[in-house]
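S.K.: got a predicted structure here, sequence first:
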Amino acid sequence: MAKLQKLITVTTYRWEEADLTEEQAALYKSDEDAFMENYSDGEYDLDFDLVGDNECEDEGDYNLIED
């Protein structure tokens, strides 16, 4: 018996937020690159919390599987 296979790509979008100190917020506003450098170097230990998410189903691809 033949089967029809369907591959579906699902994308999940997540929104996360972290509290910043006044100093961190000021640096982010004035020099985003410097802020991100400090963050990626581990100087800023930001605790992100999930505030929302959304899952979107993209188009599916069909494939006929024959015996």
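M.R.: Alright, I've got the coordinates.

S.K.: could you report the neighbour count for residue 41?
M.R.: The number of residues packed near residue 41 is 8, by other CB atoms under 10 Å. (Each C-beta comes from the backbone N, C-alpha and C, glycine too.)

S.K.: again, but for residue 60
M.R.: Residues contacting residue 60 under the criterion other CB under 10 Å number 11.

S.K.: I'd say it and residue 4 touch.
M.R.: No. In this structure, residue 60 is not within contact of residue 4 by CB atoms under 8 Å, at 10.6 Å.

S.K.: what's the longest strand that the chain contains packed up against?
M.R.: Among all segments of the chain classified by DSSP state E, the strand with the greatest residue count is strand 49-65. Judged by 3 or more CB pairs under 8 Å, 6 or more residues apart in numbering; DSSP states H and E, the packing partners of strand 49-65 are strand 3-17.

S.K.: need the contact partners of the helix or strand harbouring residue 24.
M.R.: Following DSSP states H and E, the helix or strand that holds residue 24 is helix 22-30. The contact list for helix 22-30 (CB atoms under 8 Å, 6 or more residues apart in numbering) reads 20, 34, 35, 38, 44.

S.K.: ok, back up a step: state the mean pLDDT of the longest strand of the chain.
M.R.: Strand 49-65 carries an average pLDDT of 85.

S.K.: just checking: what are the partner strands of that strand?
M.R.: Strand 49-65 pairs in its sheet with strand 3-17 (antiparallel), by DSSP bridges.

S.K.: residues contacting the partner strand, please?
M.R.: By CB under 8 Å, 6+ apart, strand 3-17 touches 48-65.

S.K.: now do stretch 39-55
M.R.: 10-20, 24, 35, 38.
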